[in-house]
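Colleague: Please find the sequence and the predicted model below.
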Amino acid sequence: MKALKEAEEKNKILNKLSNSDVRYRKYTIEEIESATDYFAQTRKIGEGGYGPVYKCYLDHTPVAVKVLRPDATHGRQQFQQEIEVLSCIRHPNMVLLLGACPEYGCLVYEFMSNGSLDDRLFHRGKTPPLSWQQRFRIASEIATGLLFLHQSKPEPLVHRDLKPGNILLDRNFVSKISDVGLARLVPPSVADTVTQYRMTSTAGTFCYIDPEYQQTGMLGVKSDVYSLGIIFLQILTARSPMGLTHYFERAIEKGTFNEMLDPAIHDWPFDEAMRLANLSLQCSELRRKDRPDLGKVVLPELERLRALAEENSCPSLMYNLNISPNHSQVSLSRVSQLAYITSLTSIHYQISLTCTIS
């Protein structure tokens with residue numbers, strides 16, 4: 001029975017691939033080999049869930065090429081699914097798939113020059129700390145991108161492996177969700193009501209995995225909300241995720257919450273940071289039914305925190321923080337406040353207007 005279900009899922013993916021319109025540029029293996037100097041180690045910038053990642057130039061554009069390892073277990077199916085998902089996704093807070101070489105298992109993404117949120121929180125490469133304004137904005141962007149996945153049609157998508165290492169930052173520090181290869185298509189009826197869906201195997205990364213999903217194999221959109229809560233706590237602390245919820249709860253009880261905040265930031269708005277911490281702890285509740293709704297509760301609170309960040313940023317800093325086009329669509333009431341930088345961000349607005357999923 002298990003094998004039959006897995007075969008049906010695989011056939012569903014393959015059928016969608018064969019019947020869907022091609023929304024990405026197809027590259028030949030010769031083009032990719034030439035661009036990566038035949039996958040030279042000097043071009044390698046990381047190791048993904050199922051293969052290495054290389055930086056190179058294709059069509060005079062800096063790109064990241066993800067290559068499927070021949071020995072990656074179930075990797076080929078994940079690769080096919082990622083092409084299907086990403087070729088349909090156009091959103092300011094999702095990493096853009098530019099092209100692929102399906103025959104040889106290569107994906108070509110836009111290059112994200114500021115690395116991952118994990119890199120920036122832990123100052124890899126001796127980079128300066130993210131300001132609290134940037135952190136509040138990034139939290140809002142991650143939630144916005146995730147809600148987009150959950151509201152995808154005809155069926156919502158659950159990421160399953162959300163973590164700071166899978167949140168990438170572009171040159172303006174706009175955050176985008178990557179690595180959706182572990183995502184599964186969840187029936188709308190499940191997402192809207194029971195929010196549970198039995199999976200054949202547990203996927204994800206330790207510390208960020210929904211405890212209920214880990215124990216029962218039951219997956220739902222609130223599985224991602226748990227991961228989101230842990231990420232938000234790390235945004236506040238720049239600490240390891242291990243035991244972070246416990247440390248936060250104890251600090252709040254003892255009145256030492258300020259000691260949990262990342263000391264690299266000296267001007268934390270205490271009350272708002274506490275609000276984000278409490279929201280994060282709600283998101284990371286052990287029982288799925290106790291976690292808040294992403295669209296109705298989590299995102300509105302993050303939008304308020306983001307508004308505060310914008311109010312406390314000078315115009316030049318606001319542009320450096322790159323007020324994302326998606327945010328302008330979600331919070332139309334603030335478009336007028338940002339009119340004076342519209343000319344600077346017109347390109348992003350044009351992109352956002354075309355970023356829809358069919």
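Modeller: Great, that's in hand. Numbering: from 1, shown residues only.
Colleague: only C-alpha atoms for contact and neighbour calcs from this point on.
Modeller: OK.
Colleague: give the contact list for F39.
Modeller: Residues near F39 by CA atoms under 8 Å, 6 or more residues apart in numbering: 33, 54.
Colleague: Looks to me like it is in a strand.
Modeller: No. F39 is assigned coil when assessed by DSSP: H, G, I helix; E, B strand; the rest coil, not a strand.
Colleague: Tell me how many other residues surround T216.
Modeller: Look at T216: counted by other CA atoms under 10 Å, it has 12 neighbours.
Colleague: That one and I209, how far apart?
Modeller: As judged by CA to CA, to the nearest Å, T216 and I209 stand 12 Å apart.
Colleague: L261 too?
Modeller: Taking CA to CA, one finds L261 at 23 Å from I209.
Colleague: chain center to stretch 277-289, what's the gap?
Modeller: Centroid separation for stretch 277-289 versus its chain: 19 Å, with CA atoms, centre = their mean, to the nearest Å.
Colleague: looking only at pLDDT, what's the mean for that stretch?
Modeller: Taken as a whole, stretch 277-289 carries a mean pLDDT of 97.
Colleague: how long is it from one end to the other?
Modeller: End-to-end distance of stretch 277-289 (CA to CA): 19 Å.
Colleague: what does that stretch contact?
Modeller: So stretch 277-289 is contacted by 210-212, 222-223, 225-230, 232-233, 236, 245, 248-249, 290-292, 298 (CA under 8 Å, 6+ apart).
Colleague: What residues sit buried inside that stretch?
Modeller: Using 16 or more other CA atoms under 10 Å as the test for burial, stretch 277-289 gives 277-285, 288.
Colleague: Check stretch 25-41 too.
Modeller: Neighbour counts over stretch 25-41 (16+ other CA under 10 Å) mark 26-27, 29, 32, 35-36, 39 as buried.
Colleague: in the stretch 201-350 of the chain, what spans have low per-residue confidence?
Modeller: 201-204, 314-350 (pLDDT under 70).
Colleague: in it, which spans are helices?
Modeller: 211-216, 221-237, 244-254, 270-283, 299-311, 315-320, 325-330, 346-353 (DSSP state H, counting those that start in this stretch).
Colleague: Please work out which of the ones you listed is packed deepest.
Modeller: Highest mean neighbour count among the helices of the stretch 201-350 of the chain (mean count of other CA atoms under 10 Å): helix 221-237, with a mean of 26.
Colleague: Take stretch 43-59, keep the C-alpha atoms, and write them as PDB.
Modeller: The C-alpha trace of stretch 43-59 is given here as PDB (Å, rounded to 0.1, in the frame of the first residue of the first chain):
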ATOM      1  CA  ARG A  43      33.100  27.600  -8.200                       C
ATOM      2  CA  LYS A  44      31.500  25.700  -5.300                       C
ATOM      3  CA  ILE A  45      29.700  27.900  -2.800                       C
ATOM      4  CA  GLY A  46      27.800  25.300  -0.800                       C
ATOM      5  CA  GLU A  47      26.200  21.900  -0.400                       C
ATOM      6  CA  GLY A  48      22.400  21.700  -0.700                       C
ATOM      7  CA  GLY A  49      20.100  18.900   0.600                       C
ATOM      8  CA  TYR A  50      20.800  16.700  -2.400                       C
ATOM      9  CA  GLY A  51      23.900  18.100  -4.100                       C
ATOM     10  CA  PRO A  52      26.500  20.800  -4.400                       C
ATOM     11  CA  VAL A  53      25.800  24.400  -5.400                       C
ATOM     12  CA  TYR A  54      28.100  26.400  -7.700                       C
ATOM     13  CA  LYS A  55      28.300  30.100  -8.600                       C
ATOM     14  CA  CYS A  56      28.800  31.000 -12.200                       C
ATOM     15  CA  TYR A  57      27.500  33.300 -15.000                       C
ATOM     16  CA  LEU A  58      24.900  32.200 -17.600                       C
ATOM     17  CA  ASP A  59      23.500  34.700 -20.100                       C
END
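Colleague: tell me how far it is from the chain's mean position?
Modeller: Stretch 43-59 sits 18 Å away from the centroid of its parent chain (CA atoms, centre = their mean).
Colleague: Give the buried residues for that stretch.
Modeller: 43-44, 49-58.
Colleague: Tabulate these (CSV), appending pLDDT.
Modeller: Formatted as CSV, these follow (pLDDT from 0 to 100):
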residue, pLDDT
R43, 97
K44, 96
G49, 66
Y50, 69
G51, 81
P52, 91
V53, 94
Y54, 97
K55, 97
C56, 97
Y57, 97
L58, 97
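Colleague: Among those, which one lies nearest to L147?
Modeller: Nearest to L147, judged by CA to CA, of those is G49 at 22.9 Å.
Colleague: So S34 lies in a helix, does it not?
Modeller: Yes. Applying three-state DSSP, one finds S34 inside a helix.
Colleague: show me the contacts for the nearest residue to L162 once chain neighbours are set aside.
Modeller: Leaving aside its chain neighbours, L162 sits nearest to S227 (5.9 Å; criterion: CA to CA, 6 or more residues apart in numbering). Applying CA under 8 Å, 6+ apart to S227 gives the contacts 161-163, 208-210, 284.
Colleague: That concludes my questions; thank you for your assistance.
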